[in-house]
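Trainee: Provided below are the primary sequence and the corresponding predicted coordinates.
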Amino acid sequence: MKEDLKNKISIAEQQFQEWRSLSFDQRQSYLPRFAEVLERYKDEFSRLITTEMNKPISESVSEIEKCIKMARYYSEIDNYNAAEKVETEFRISEIRYEPLGIILGVMPWNFPFWQALRFIIPAILAGNVAVMKHASICFGSGKAIESAMEEAGFPAGVFQNLEIGHKEVEELLAHPAVRAVSLTGSEKAGAQVASTAAIHIKKSVLELGGSDAFIVMQDADLRRAAEEGARARLQNCGQACNAGKRFIVQENIAEDFVPMLVEEFKKFQPGDKFKAETLLSGLAKAEFGDDLEAQYRRAVEAGAEILLPLNRVSDIAFEPGLLKVLPDNPVLKEEVFGPLGFILFAENAAEALEIANDVPYGLSASVWTRDEKLSNYFTENLECGMVSINKMSSSDPRLPFGGIKNSGFGTELSHLALREFVHAKTIVGH
Ligand SMILES: O=CCCCC(=O)O
């Protein structure tokens, strides 16, 4: 390991001893100031996000606003990790939730502030210290987060941004002071990092890809479903793990719903990423455009019908595409990251459910119906970490977020995230 990285780990190790000895309230007291700093630099940070990974500026502003909301939420949350007494025959019997040490974050480029902070804030509030390897195109965002935390007064070493590559991630996972890793990213990256962590007997939390269903039943508010459906698929230029990627529509409403969805998709035309009114800009890298075009071609070769052609207008920008597919189209089993949606038809709820669950992923799903019995049927049987009813899927600081199947394991956000990087220590005796 290079000297510079060794030094940073040694700073983190020393700070961990100080930081863990503070009370929960003391650690929490930095968060209102941190929210203020984010507020102060909102424009600058938003421009940085858009510059680094190309999303429309209005979405970068929303991202920073969501981070502010999260910082405020955790600044007021009760101490979920307070010691618990347990009634037994012993005089003393209690559970203490103790922090693990240095937690490594490996974070992606698609929500450069949001994903990083939703790892960092609960991990440090639980008494850990954090280090992070950001995606290489978002090193500026990683640095800005570090500076913002410093300006908010967090002690040096509570969080450190590391401009490192995959080799150093492996070295860090082998380091005895690094006790766990949280990764948001692709299935491939997750499998690699989690297996390295496992070799060193370290915990991992994985937030990976998705191929989320957006189910529209005959009694739904079709206009709203079409509007939110387009946003669900096309926000962030289609680059979100929990985007509604597969529209599963009851077939007797196809004639009404499909034209509405096509009309809504057409409103997302690629434009200048820095203009406030732009809804769709470019992908983060040109090579992602090549991958997207290849998936589009393969879907069409496998029999997909083009409802709206995916049209590349520059190395990174596309007019959105929409394909009608059968459930056996192989592209449905892959994660599609870009402005391309798929529509499938189902005769009834049972068939819609079967199609929805027939993917390797299980992140989230959105169900559109006014019938409570039907929505209960879906909430009970959909294989995923979150079901949204009559709204698109989106994380919320107050609610747990995390997938099952190949979408990963572990929980981010809410009070439950405070328990991800602690161990339960039992104290018992006379
Ligand atoms: O790629 C993952 C997107 C997460 C977006 C959200 O938190 O809603």
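Mentor: In hand now; what should we look at? Everything quoted here is computed from the prediction, not taken from an experiment.

Trainee: which outside residues touch stretch 375-383?
Mentor: 213, 215, 349, 352-353, 356-357, 362, 365, 367, 369, 387, 389, 404-405 (CB atoms under 8 Å, 6 or more residues apart in numbering). Heads up, the C-betas are built off the backbone N, CA and C, glycines and all.

Trainee: which of the residues in that stretch are buried?
Mentor: For stretch 375-383, burial by neighbour count (16 or more other CB atoms under 10 Å) applies to 375, 377-378, 382-383.

Trainee: how about the residues of the stretch 201-350 of the chain that lie near the ligand?
Mentor: Those residues of the stretch 201-350 of the chain that sit near the ligand, judged by CB under 6 Å from any ligand atom, are 240-242.

Trainee: check contacts around the residue of the stretch 301-430 of the chain found nearest the ligand.
Mentor: Nearest residue of the stretch 301-430 of the chain to the ligand: residue 395, at 3.2 Å (CB to the nearest ligand atom). When contacts are counted by CB under 8 Å, 6+ apart, residue 395 touches 118, 242, 401, 412-413.

Trainee: Run a quick neighbour tally on residue 45.
Mentor: Residues near residue 45, counting by other CB atoms under 10 Å, number 24.

Trainee: and the gap between it and residue 52?
Mentor: Going from residue 45 to residue 52 by CB to CB, to the nearest Å gives 11 Å.

Trainee: list the residues that contact both of those two?
Mentor: Looking at what touches both residue 45 and residue 52 (by CB under 8 Å, 6+ apart), the common residues are residue 141.

Trainee: Bridge partners for residue 106, pull those for me.
Mentor: residue 133, residue 183 (DSSP bridges).

Trainee: okay, now it: neighbour count?
Mentor: As a burial measure, residue 106 scores 25 neighbours (other CB under 10 Å).

Trainee: Enumerate every residue touching it.
Mentor: Applying CB under 8 Å, 6+ apart, we find residue 106 in contact with 132-133, 169, 181-185, 189, 193.

Trainee: can I get these in CSV with pLDDT and distance to the ligand?
Mentor: Putting the contacts of residue 106 into CSV (pLDDT from 0 to 100; distance: CB to the nearest ligand atom, whole Å) gives the following:
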residue, pLDDT, distance to the ligand
132, 98, 16
133, 98, 17
169, 98, 19
181, 98, 17
182, 98, 13
183, 98, 12
184, 98, 7
185, 97, 9
189, 97, 13
193, 98, 16
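
Trainee: Burial check on residue 219, number of neighbours?
Mentor: Around residue 219 there are 13 residues (other CB under 10 Å).

Trainee: Look up how far the ligand lies from it.
Mentor: Residue 219 sits 27 Å away from the ligand, going by CB to the nearest ligand atom, to the nearest Å.

Trainee: now do residue 274
Mentor: Distance from residue 274 to the ligand, by CB to the nearest ligand atom: 22 Å.

Trainee: Would you mind giving both backbone torsions of that residue?
Mentor: phi -90, psi 0 (degrees, to the nearest 10).

Trainee: The one 3 residues further on too?
Mentor: Backbone torsions of residue 277, given as degrees, to the nearest 10, read phi -90, psi -10.

Trainee: which element is the residue nearest the centre of the chain on?
Mentor: Closest residue to the average C-alpha location of the chain: residue 115 at 5.8 Å, with CA atoms, centre = their mean. Assigned by DSSP states H and E, residue 115 belongs to helix 114-125.

Trainee: Just the CA atoms from that helix would do, formatted as PDB, please.
Mentor: The C-alpha trace of helix 114-125 is given here as PDB (Å, rounded to 0.1, in the frame of the first residue of the first chain):
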ATOM      1  CA  TRP A 114     -26.800  11.300  -2.800                       C
ATOM      2  CA  GLN A 115     -25.400   7.700  -3.000                       C
ATOM      3  CA  ALA A 116     -22.200   8.800  -1.200                       C
ATOM      4  CA  LEU A 117     -23.900  10.600   1.600                       C
ATOM      5  CA  ARG A 118     -26.500   8.000   2.200                       C
ATOM      6  CA  PHE A 119     -23.600   5.600   2.900                       C
ATOM      7  CA  ILE A 120     -21.500   8.100   4.900                       C
ATOM      8  CA  ILE A 121     -24.100   9.800   7.200                       C
ATOM      9  CA  PRO A 122     -25.700   6.700   8.900                       C
ATOM     10  CA  ALA A 123     -22.300   4.900   9.100                       C
ATOM     11  CA  ILE A 124     -20.600   7.800  10.900                       C
ATOM     12  CA  LEU A 125     -23.600   8.600  13.100                       C
END
